[in-house]
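S.K.: Show me how the following folds:
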Amino acid sequence: MTRFRLGIPWLGVVALVIAGLVTVMAGQVRVGGGVMALGLFAGAMMRAVLPERYVLDIKVRSRTVDIAGYALLAVVTLVAFGVVKLG
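M.R.: Take a look at the predicted model:
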């Protein structure tokens, strides 16, 4: 049985998404959404650029599906937090 280990790409994506959530909770909704979208977009770029052996922890399906999925989630997150009416 292999030991489960989280790598730098996964930690980078999760760190940016958590930073975005903390920013949203602090009251900066649009900025926080942008930070979360940046984290997802970074995941897409890492999946596109890095070799397979470095992205095993963010690999879900094929390379193309992963890149499209992460990029689509980034765009949806950015749009969703961008259309929020504040006040």
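S.K.: CA only for contacts and neighbour counts going forward, please
M.R.: Fine.
S.K.: ok, so what distance separates the residue most central in space within the chain from Val17?
M.R.: Note on the chain: the residue nearest the mean C-alpha position is Leu40, at 2.0 Å, using CA atoms, centre = their mean. Distance of Leu40 to Val17, computed by CA to CA, to the nearest Å: 8 Å.
S.K.: again with Leu50
M.R.: 20 Å.
S.K.: Who has more neighbours out of these two?
M.R.: Set Leu50 next to Val17 and count neighbours by other CA atoms under 10 Å: Val17 wins out with 21 against 11.
S.K.: Just give the nearest non-adjacent residue to the more buried one, would you?
M.R.: Spatially, and ignoring its direct neighbours in sequence, Val17 is nearest to Met36 (4.4 Å; CA to CA, 6 or more residues apart in numbering).
S.K.: which other helices and strands contact the helix or strand hosting that neighbour?
M.R.: Element membership of Met36 [criterion: DSSP states H and E] is helix 29-49. Secondary-structure packing of helix 29-49 (3 or more CA pairs under 8 Å, 6 or more residues apart in numbering; DSSP states H and E): helix 8-25, helix 63-82.
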